[in-house]
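In: Predicted model follows, preceded by the sequence.
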Amino acid sequence: MPTQSAAQAKTTATLDCDGKSIALPVVKGTESEVAVDIEKLRAQTGMIKLDPGYGNTGSCKSAITFIDGEKGVLRYRGYPIEELAQGSTFLEVAWLLINGELPTRAELAGFINEVTHHTMLHENFNRFFEALPKDAHPMPVCAAAVGALTTFYQQPETEQSTHETWVRLIAKMPTIAASSYKHSIGQPSIYPDNRLEYTSNFMRMMFATPCEEYDVDPVLARAVDLLFILHADHEQNCSTSTVRMVGSSRANLFASISAGISALWGPLHGGANQEVIEMLERIATEEGSADRFVAKAKDKNDTTRLMGFGHRVYKSYDPRAAILKKACNDVLKRVGGSSRLLDIAMRLEELALKDDYFVSRKLYPNVDFYSGIIYKALGIPINMFTVMFVIGRLPGWVAHWLEMRRDPDFRIARPRQVYVGPTMRAYQPIEMRGGRV
Ligand code: ACO
């Protein structure tokens, strides 16, 4: 398998500035992606590179996930997302992302066994959840709970303790997620049932009560597992970059993942799936027509966006959205629910894909456009959508954190800036600044 070591300086790029010519190394990745290495730019010229939003900045070399946004390609460790979605399970994918290779049968069995036996939370967590307001959104509750895990496992960082930490995170995340939901609806948390596999265990913790068991439908559990697989990694997105950024200060894995959860919460990132359903429901009840909504999304004087559309990297159809569009139909058939929201989503997609505004900007459905419809059909409440994303994205975050910490060139992340504030001026004491008291 070609690895990161295959990415080498092949040639140079020349930068001409103030009559000086500087040769900068060009780095080529295993999929022929090319980057100009500007690490020495400031030392050689006194200049830095300005790239707000990092849209054109490679922050690291990584061997985990490859995306070709122009062609709609997504691969984990070289394996196409379509094949993993078809043939693997979420825990298998988690192992692949974190360890670099698909597990053997024995490795997978060992991993499942380890995860299964770390699903419980310390009893003190009950008081932790009780201390928070009843209407607390589950995302900050999850971020706080993951941060709080550090206080229960304070051993020094070694290879062994790091392994235990990421196993604990993957094992306990569904328990934390389900508890955060149960807390928000005033029900007691349900303990994990370790006879169930990972996703079924999570669904039971969400929907069983102390008075009523919940029998997990394997078809629906598989749909959730598929969603987790599709969300498992997406290279240097906002939350993953946050995990790397926080971890680069040598903050521990729990603290770094907690920061990643907070980054994922925003409506332009993981929060978009919640916004998609709210948008579809608004269209169904208020706006009346998908056509009118698309017109609003195009209007420069209106801040409305077509949520679930557009992506910083994909400039063609997000391959995850294509897989989920099909899964939507399967799930809706199984639960026998209304397809009203799916119909509206498909109408929006149809309108946008033939509208010059969206076509010229290369705006296509992203993973969040269809995921919310599946979650809703499964009975997952809207404020839990982004939490589902957290469970899925966790192995990716772990894989990136480990890759960064094992990188011999690893340095604390510390971007620079172009200062545009006032130049030096003298301090004025308060009595000289005027204004009434
Ligand atoms: N609806 C309408 N117009 C849009 C949309 C949209 N969903 N997305 C982008 N545009 C327009 C912008 O107004 C802009 O137009 P302009 O060139 O006339 O000014 C142009 O397309 C480029 O948009 P940017 O915001 O500059 O693109 P960027 O790469 O920074 O943003 C983003 C990508 C944040 C995903 C954006 O497309 C968006 O807000 N989409 C909706 C939110 C969403 O679905 N987020 C989930 C992303 S996937 C994920 O995080 C898992």
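Out: Done, it's in.

In: Please confirm that residue 25 is located within a helix.
Out: No - with DSSP: H, G, I helix; E, B strand; the rest coil as the criterion, residue 25 is assigned strand and is not in a helix.

In: Strands of this protein, residue ranges please.
Out: 8-17, 20-28, 34-36, 65-68, 73-76, 79-80 (DSSP state E).

In: Name every strand pairing with the fifth one and say which way it goes.
Out: Its sheet considered, strand 73-76 pairs with strand 65-68 (antiparallel), strand 79-80 (antiparallel) by DSSP bridges.

In: As a markdown table, the strands of the chain with distance to the ligand would be great.
Out: (Glycine included, C-beta is placed from N, CA and C.) Converted to a markdown table, these look like this (distance: least, C-beta to the nearest ligand atom, whole Å):
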| stretch | distance to the ligand |
| --- | --- |
| strand 8-17 | 25 |
| strand 20-28 | 24 |
| strand 34-36 | 19 |
| strand 65-68 | 12 |
| strand 73-76 | 12 |
| strand 79-80 | 19 |
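
In: remind me, longest helix of this structure?
Out: The longest helix of the chain (DSSP state H) is helix 159-184.

In: helices and strands around that one, which ones?
Out: Packed against helix 159-184 by the contact rule (3 or more C-beta pairs under 8 Å, 6 or more residues apart in numbering; DSSP states H and E) you find helix 90-99, helix 105-116, helix 124-130, helix 138-152, helix 198-207, helix 253-264, helix 385-406.

In: and of the ones you listed, who's closest to the ligand?
Out: Ranking the helices and strands packed on helix 159-184 by proximity to the ligand (C-beta to the nearest ligand atom) places helix 385-406 first, at 7.2 Å.

In: Report the rounded mean pLDDT for that closest one.
Out: Per-residue pLDDT over helix 385-406 has a mean of 97.

In: And for stretch 79-87?
Out: What stretch 79-87 shows for mean pLDDT is 97.

In: From what I see, residue 70 and residue 311 are in contact.
Out: No - assessed by C-beta atoms under 8 Å, residue 70 is found out of contact with residue 311, at 11.6 Å.

In: okay, these two: which has more neighbours?
Out: residue 311 (22 against 11; other C-beta atoms under 10 Å).

In: Enumerate every residue touching the more buried one.
Out: Contact analysis of residue 311 by C-beta atoms under 8 Å, 6 or more residues apart in numbering lists 69, 318, 364, 366.

In: interface residues of the stretch 201-350 of the chain facing the ligand?
Out: With C-beta under 6 Å from any ligand atom as the criterion, the stretch 201-350 of the chain meets the ligand at residues 268-270, 272, 297, 305-312.

In: quick check, nearest of those residues to the ligand?
Out: Proximity of these to the ligand, judged by C-beta to the nearest ligand atom, is greatest for residue 310, which lies at 2.3 Å.
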